[in-house]
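S.K.: Structure for the following, please:
(4 chains)
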Number of protein chains: 4
Amino acid sequence: MRMGVLTSGGDCPGLNAVIRSVVHRATVDHGDEVIGFHDGWKGLLECDYRKLDLDAVGGILARGGTILGSSRVQPAHLRDGVERARSHVAELGLDAIIPIGGEGTLKAARLLSDAGLPIVGVPKTIDNDIAVTDVTFGFDTAVGVATEALDRLKTTAESHQRVMIVEVMGRHTGWIALHSGMAAGAHAIVVPERPFDIEELTRRVGERFSAGKKFAIVVVAEGAKPREGTMSFDAGGTDVYGHERFAGVARQLSLELERRLGKEARPVILGHVQRGGTPTAYDRVLATRFGWHAVEAAHRGDFGRMTALRGTDITLVPLADAVETLKTVPMERYDEVECVL
Amino acid sequence: MRMGVLTSGGDCPGLNAVIRSVVHRATVDHGDEVIGFHDGWKGLLECDYRKLDLDAVGGILARGGTILGSSRVQPAHLRDGVERARSHVAELGLDAIIPIGGEGTLKAARLLSDAGLPIVGVPKTIDNDIAVTDVTFGFDTAVGVATEALDRLKTTAESHQRVMIVEVMGRHTGWIALHSGMAAGAHAIVVPERPFDIEELTRRVGERFSAGKKFAIVVVAEGAKPREGTMSFDAGGTDVYGHERFAGVARQLSLELERRLGKEARPVILGHVQRGGTPTAYDRVLATRFGWHAVEAAHRGDFGRMTALRGTDITLVPLADAVETLKTVPMERYDEVECVL
Amino acid sequence: MRMGVLTSGGDCPGLNAVIRSVVHRATVDHGDEVIGFHDGWKGLLECDYRKLDLDAVGGILARGGTILGSSRVQPAHLRDGVERARSHVAELGLDAIIPIGGEGTLKAARLLSDAGLPIVGVPKTIDNDIAVTDVTFGFDTAVGVATEALDRLKTTAESHQRVMIVEVMGRHTGWIALHSGMAAGAHAIVVPERPFDIEELTRRVGERFSAGKKFAIVVVAEGAKPREGTMSFDAGGTDVYGHERFAGVARQLSLELERRLGKEARPVILGHVQRGGTPTAYDRVLATRFGWHAVEAAHRGDFGRMTALRGTDITLVPLADAVETLKTVPMERYDEVECVL
Amino acid sequence: MRMGVLTSGGDCPGLNAVIRSVVHRATVDHGDEVIGFHDGWKGLLECDYRKLDLDAVGGILARGGTILGSSRVQPAHLRDGVERARSHVAELGLDAIIPIGGEGTLKAARLLSDAGLPIVGVPKTIDNDIAVTDVTFGFDTAVGVATEALDRLKTTAESHQRVMIVEVMGRHTGWIALHSGMAAGAHAIVVPERPFDIEELTRRVGERFSAGKKFAIVVVAEGAKPREGTMSFDAGGTDVYGHERFAGVARQLSLELERRLGKEARPVILGHVQRGGTPTAYDRVLATRFGWHAVEAAHRGDFGRMTALRGTDITLVPLADAVETLKTVPMERYDEVECVL
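M.R.: As a prediction, the model looks like this:
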């Protein structure tokens, strides 16, 4: 067979492990040829690619980022995007395309699949918000980085009798906040799924100090918002250069808590360190298995699907199911953590 | 309710996280009392315990080891072990006992449960060999430590054009070898489930050098053995002090490969570092959830069972099922890795 | 002897290692008594302390923060601060006081020493800005944390073809920026000692992209400022609650570079993670040696001095010398790094 | 100028950082040409090399090992070694050679320098045994790896009430044992410089248990030996394949202590993980500075010398001084640690 692989959307630890795994399985075990498109769908649309052999993927298993580059370009952005993709696939004689990406990428994958292209998707999201798979690679690394930072911040918060408000990734879902907060024993966790009540949060942190504790750690997902009417809040929007980025729930919460509690509060925004760098062993194993199974699916002609983890098994699920809903934190997971607001 | 918790068997990162979680959920949310038995079943048999409140479990979430101590003593070791356990439970007015441990501990738990004691088990094993749960805490940390070591060894192997034979834990199962080997891109993985053929291993490593590569990494589980008749092998047995420990598959393999290949080969035995120290975020989350659900099970009167991970859910499964078979690496997992012998 | 120890000023990895070392050396080897004042000078001024024996310092060597707490209170803040310190020292029968702290703390130490109190200081600063010692503990850990973050950011910057502007600690000196930037191979380093020229910075980063590189990493110390007249710059000042904290050189630089280069630029502010958590082995060794030598100095009656590292030796230097000047990055160190502006 | 660089002897984190630094400084700032010899002196003797430009050293700063390979071949091993080196230098038109290596390499460097070749050495040793420099790169990483392992082993030792005997590198000197032992708070440190008395060691560890402590950590350098007559000891020698490697002080100590104390004792041999993998920030900075200064020395014609760290300065010292004596742990450093035998 002849396969094309591409990585699209935000950076995610484990992308290179998938690429490497696809190349190993396809070329060594099946004798396939593999090409890699540059910068996501853009590479497919512009026929910009390179050959991927064993040497090309040497030493990348533990490396963050993606050797193929990425972009947020999608076929639907171009009027003739689907047509161009189709003609390039034909031109290059590709028997399978393996796009690795998040929700947007998988939607595009479905579009192309519906248009008849032979596609096996591989889900990727540090946010853990893709449905129909227990988890994808990248999430474990992000949680690990956030947890290590929280571990560090605890001692500094304690020494200075402070509240630390730590903002982690998660625009729409609170998975990273929930897991890193559980792992580090945070005293309050604020997630986008549940608009928070600033009075309730103040009360909870305040009780901790009343009980003689010397510090508190609040983990807040970047997309968290206050319940309407409980606190004035600048939800961001675009700045003067058109970028939606400087709102900052942690900074606003920090000011508000300081004012209400009379205790020093400090915001820490972890930012992009959560999505770069060496993946954890967990993510490398999962990414490697996804790559392997994507190749197998292609050889079985099992197109229009994506790899998914179910328990300890890798299965293939319809792309259609994957993009229907965002996987938010279910109610019963909140119950497990005393401190989710 | 009044609950007793204990940790038994080998050390495992995450034990303290379970203890903390049990105490938090039980005392804060249910108003229960919790005591902790010292040194595993020994504490129950000798009525040696202490009260566990929030202060007692402060700051232990990320700490390796167990604040309660452990031992390998089991009720069945004493003629009247079950009776003693029963009378101490009555004496202390315990409504539930939560033993945290591996296969041996869970077998003992089943024995006591069959004898009518109110038990909810929590499985623990860095080896990942307990059936009916996808995984338990401790394994992810062990794999992480082994993978980091393998990452380090790669560069030194490469600089010196060597074969590195790295021995990881796994007396009966190859899970740590499989996962760390996959995560680090090892060139051969040797597991106890499949006696290895030294000629096949030599051939595989040799081909790598023939292909111009400058080094090779072989991961071997401590319990791996050669296929009969293919290589002389000292399987260990007891030393002069009665300890079964100095055999060393890595050392023997290293000598044999060096002799056969004419390349420097060096053994590295990772040993106890795999089971100590700070647990990964993954293990802390799993351990915390197990503790929470064990308390809930106790409150529901759901005894004779243990917590288990199934996909992303925590469920309760009969202790009987848990101890029936050892969970070995299934055949299809070998297929995913080119290099498992 | 009877000694009092205290930690004052900002949190710094290694404080607990000094405390532990003082207690070990003093009590085990000399048979001294040691007390620890709470919350820095505040504890001395308010006679708030506790006894420190071996048990009190068990398990703290590798822990961040300070078990004694800290504050920014200084004797000179109170009209009768020196008098109160003196009378408490007499009351408690102290033969030596060992304050551990940064520039402000050492100035206070000098004040009290000049007033006749028996003081041996231990310097502490993650910023590396204390003169007369090669380095102090805390700096190596801060540089390590910053470097690890830079390593992670590189892959994400590369995948997205971005400029990352990473703000590290250093209000007055660029040591952390210089060392972490060197260690991670940053493409530009901006330090407070040299006001930067935005055009020069733009040119340098731009040349990198012109040469076909796909990303750039700029490390900037929080106290860096543009050369006057080259760029509009909000130097911060106080916010509505009186806190001087939201200015943010990285955010301003990021907007400006994005505008000038037409490339995505993203700020990352590492913040408090740099000063919390487990110290590196280097910092633990240095802190332990400082504690040991402070006790020895006290026994020799060598007061009015502080411990210092000179090469591989620990020496004692006059407090007066230590606080005279801030140790800034010397000119010749810039020459070693092509990319310091 | 035209320069040749080579790495010789055992692997050491930071080698690549030196190579990269030499290439950056020489080619970018001076417009020099740089070639790299393969596999140490072997490459010079066999005229086996490649051109090193910026691309060749891209991304290697944080990578362990050496992209040039290494070997233990030395010019003196060949009858006409010096002559061959001289003729290849002439043939290739080299104005300077920068060998990076340990004691053996520097001795060879001196030999060639005495024979008139233009040499600037860069010292390298994880053991910290090279005189006339405060420290070299590699040592900090090795100590860091050993300390992290010791941190992990503490919790497992405590849970099982064991003595852990941890063998670290150091055939002739105890620097790694001393620093990692100090950093991790080991209870006894055994170094090659002082043959140990097994009775004294037993007494010390025994007192710890008598005092109610539940575990003990003993750090022992691989080259440590008992004082004559105090304990039967197999000093190793060569095995059947001619390799001197299976003696194992930790294993022997562990058996002996277990027998004498009646407590479980377990050996852990850290081995090659100490010399591989990503260097610490400290080592990367030092290695980078060494490379920079080596190039400068070459441009000044300052040959027959090697780079050295003195305090915070990089200086050049005569090769002759560097190789005269091994730098052992000085007496006064033992005094700082209660637990060095």
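S.K.: Now A:His293: which helix or strand?
M.R.: Take DSSP states H and E as the rule and A:His293 turns out to sit in helix A:281-300.
S.K.: ok, that helix near chain B or not?
M.R.: Yes - using Cβ under 8 Å from any Cβ of the partner chain, helix A:281-300 reaches chain B at A:281-282, A:284-285, A:288-289, A:292-293. (Each C-beta comes from the backbone N, C-alpha and C, glycine too.)
S.K.: Dump those residues to a markdown table, plus pLDDT, distance to D:Ile98 and neighbour count.
M.R.: A markdown table is the format used below for these (pLDDT from 0 to 100; distance: Cβ to Cβ, whole Å; neighbours: other Cβ atoms under 10 Å in any protein chain shown):
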| residue | pLDDT | distance to D:Ile98 | neighbour count |
| --- | --- | --- | --- |
| A:Ala281 | 98 | 38 | 29 |
| A:Tyr282 | 98 | 42 | 26 |
| A:Arg284 | 98 | 37 | 31 |
| A:Val285 | 98 | 41 | 25 |
| A:Thr288 | 97 | 40 | 26 |
| A:Arg289 | 98 | 45 | 23 |
| A:Trp292 | 97 | 45 | 24 |
| A:His293 | 98 | 49 | 24 |
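S.K.: Which residue does the stretch 201-341 of chain A have closest to chain D?
M.R.: A:Thr278 (9.0 Å; Cβ to the nearest Cβ).
S.K.: Past the host helix or strand of A:Ala90, which element shows up next along the chain?
M.R.: Assessed by DSSP H and E, A:Ala90 sits inside helix A:81-92. With elements assigned by DSSP H and E, the helix or strand that comes after helix A:81-92 is strand A:96-101.
S.K.: before we move on, back to that, what is the helix holding A:Ala90 packed up against?
M.R.: For helix A:81-92, the contact count by 3 or more Cβ pairs under 8 Å, 6 or more residues apart in numbering or on different chains; DSSP states H and E identifies strand A:2-7, helix A:41-45, helix A:103-114 as packing neighbours.
S.K.: Would you reformat those as a markdown table and include mean pLDDT?
M.R.: Shown next, in a markdown table, are the helices and strands packed on helix A:81-92 (pLDDT from 0 to 100):
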| stretch | mean pLDDT |
| --- | --- |
| strand A:2-7 | 98 |
| helix A:41-45 | 97 |
| helix A:103-114 | 95 |
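S.K.: Quick one, which of the ones you listed gets closest to B:Val249.
M.R.: Among these, strand A:2-7 comes nearest to B:Val249, with 37.7 Å by Cβ to Cβ.
S.K.: Just the buried positions in that closest one, please.
M.R.: Under the neighbour-count criterion of 16 or more other Cβ atoms under 10 Å in any protein chain shown, strand A:2-7 has A:3-7 buried.
S.K.: re earlier: and the helices and strands packed on helix A:81-92: which comes nearest D:Gly262?
M.R.: strand A:2-7 (59.2 Å).
S.K.: and the next element down the chain from that closest one?
M.R.: Next element after strand A:2-7 (DSSP H and E): helix A:15-23.
S.K.: what does the helix or strand just after that next one rub up against?
M.R.: Going down the chain from helix A:15-23, the next helix or strand is helix A:30, by DSSP H and E. Identification of contacts with helix A:30 by Cβ atoms under 8 Å, 6 or more residues apart in numbering or on different chains yields A:1, A:295, A:299.
S.K.: Please tell me how far the most centrally placed residue in chain A sits from A:Gly277.
M.R.: Taking Cα atoms, centre = their mean, the centroid of chain A lies closest to A:Ile126, which sits 2.1 Å from it. Noted for A:Ile126: a distance of 12 Å to A:Gly277, by Cβ to Cβ, to the nearest Å.
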